[in-house]
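Chemist: Here is a sequence together with a model predicted from it:
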Amino acid sequence: MLRFSLVSMIVALAGEASAGCNQELLHVEGWSAKSMAERRVEVSMDLRSTAPKPIRIIEALVYFRDALDEDIGSLPVERDAHIPVGGIYTRLMRPAPAHFDRLLKLRKQDVETHVCVLAVLYEDGTKETF
């Protein structure tokens, strides 16, 4: 019974976390992970913008999950990323948090990604918060 309650709470919190974000403005085009010294991992992500205007400042996270829907973790998009309309922005996390070493073991087809954009400032000065 305790296990069921814990799972229910986690599902409810996960739903609340994704309720306030836009998952359409940025998409992960590709990612890579490579081993660094002392069991650390470097993660690179290529993000494509589908925003209607160039982005000047952004608050966003890239989420990684395995094929069985287990959370691997999230990485922030650089806040001051300048991303043109339709352009690709590459984010390099060196080092990524330790638990991202799972990306070294998993097949790419067994990793799902999505981007959660919380807020954006466009080049023309307009803001959106989700």
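Modeler: Now that the structure is in, tell me what you want to look at. Just so we're clear, the structure is a prediction, and the values are computed from it rather than from any experiment.
Chemist: my guess is D101 is in a helix, correct?
Modeler: Yes - counting by DSSP: H, G, I helix; E, B strand; the rest coil, D101 is found in a helix.
Chemist: Pull the number of nearby residues for the nearest residue to it once chain neighbours are set aside.
Modeler: On the basis of C-beta to C-beta, 6 or more residues apart in numbering, the spatially nearest residue to D101 that is not a chain neighbour turns out to be V41, at 5.1 Å. All C-beta spots, glycine's among them, are computed from the backbone N, C-alpha and C. Using other C-beta atoms under 10 Å, V41 has 20 other residues around it.
Chemist: State whether V41 and H99 are indeed in contact, as I suppose.
Modeler: No - under the criterion of C-beta atoms under 8 Å, V41 makes no contact with H99, lying 9.0 Å away.
Chemist: And the helices in the chain, which stretches?
Modeler: For the chain, helices defined by DSSP state H occupy the ranges 2-19, 102-105.
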